[in-house]
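Participant: The following block contains a protein sequence and its predicted model.
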Amino acid sequence: MTWLQLRLNIVKSDVAEVEDLLLAAGAVAVTLEDNADQPLLEPGVGETPLWSQTRLTALYPADTNMEQVRQALPGSLLQGTAPRVDILEDKDWEREWMRHYQPMQFGQRLWVCPSWLEPPDPTAVNLLLDPGLAFGTGTHPTTALCLQQLDDMPLNGQTVVDYGCGSGILAVAALKLGATLALGVDNDPQALAACRDNAARNSIAPENLPVALPSDVDQKVWAHRAEMVVANILAGPLIDLSGTLLGFLQPAGTLLLSGLLHNQAEALCAHYADKLQLRIVGEKDGWVCLQGKRTLG
């Protein structure tokens, strides 16, 4: 099926009104993207951040009268938006994504391979991955940083907690690298389903990778049980959940944190300083990975 897309360059203050008008004019989808290379950092609670200069794209069926759509927008809103209508040929977007996702190596031993491709090195530690709807493919810098650290660690026989597990990529990697038990925790049921699927795809028994919503974790069973806790989330939650994350760690256990920018590392290190000394162990594209061992007592 062929579609028509209308693109507009608009300012932040006009986004809500223009979006509502385009939807009322028959748009089946409206997307927003940065139009000025402006980073958006972690929002506060209840905030919905937008870029100062935003590109809005509205998608319409091919038989839509686009001149009528444009007339639905007041001239004051259209001024300076550089409206453009393009024909968009439909694609099998899942296959398009699959075509571009290739095996990736992390560290010396570990490869993350799409489940539909043959691993390039059959003798390596190969993690077969189909992320589904969950975060975690290895392409994001924070995931890559965590995978590189896991590859470099002596995980044999260890128990690991992956908090905010997403696709399960870090938990599965830890198990493939020698850990014997990993707990995957996420507040998204779709992520837990993806984690289970990826565990099965890598021949990991369910009892070796249990998954749970945060509220369903048995604290009596998991308190101070893990030799390693890894959390690849955001700086704010890493601070808010510090007690929870540390509660999983054994004395002298290792904490691995990512999902934060370099300029957020100092605050994270200071927040955890009375329990363990965090240090930057990896950096990529402005993102960092922190690691520290818990002190006794």
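Facilitator: Looks like it came in fine. Numbering: from 1, shown residues only.

Participant: quick one, domains of the protein?
Facilitator: 2-37+46-90, 134-293 (automatic domain parsing).

Participant: Columns mean pLDDT and distance to residue 112 on top of these, output as JSON lines?
Facilitator: Just so you know, the C-beta spots here come from the backbone N, C-alpha and C atoms, and that holds for glycine as well. Shown next, in JSON lines, are the domains of the chain (pLDDT from 0 to 100; distance: least, Cβ to Cβ, whole Å):
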{"stretch": "domain 2-37+46-90", "mean pLDDT": "82", "distance to residue 112": "27"}
{"stretch": "domain 134-293", "mean pLDDT": "94", "distance to residue 112": "4"}
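
Participant: so of those domains, which one's packed in deepest?
Facilitator: Most buried of the domains of the chain, by mean neighbour count (mean count of other Cβ atoms under 10 Å): domain 134-293, with a mean of 19.

Participant: rewinding a little: the domains of the chain: which one's closest to residue 107?
Facilitator: domain 134-293 (2.8 Å; Cβ to Cβ).

Participant: Centre of the chain to the closest one, how far?
Facilitator: 13 Å (Cα atoms, centre = their mean, to the nearest Å).

Participant: Same check on stretch 108-126?
Facilitator: Worked out by Cα atoms, centre = their mean, stretch 108-126 lies 21 Å from the chain centre.

Participant: for that stretch, what is the average pLDDT?
Facilitator: Averaging pLDDT along stretch 108-126 gives 90.

Participant: got the residue ranges for the helices in the stretch 151-297 of the chain?
Facilitator: Remark: helices assigned in the stretch 151-297 of the chain by DSSP state H, counting those that start in this stretch are 169-176, 189-201, 219-222, 235-240, 242-248, 265-272.

Participant: would CSV of the domains of the chain with distance to residue 107 be doable?
Facilitator: Below are the domains of the chain laid out as CSV (distance: least, Cβ to Cβ, whole Å):
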stretch, distance to residue 107
domain 2-37+46-90, 31
domain 134-293, 3
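
Participant: Between those, which one is closest to residue 102.
Facilitator: Here domain 134-293 is closest among those (Cβ to Cβ), at 9.8 Å.

Participant: now the strands: where do they sit in the stretch 101-250 of the chain?
Facilitator: 104-106, 110-114, 125-129, 159-163, 181-185, 211-212, 226-232, 249-261 (DSSP state E, counting those that start in this stretch).
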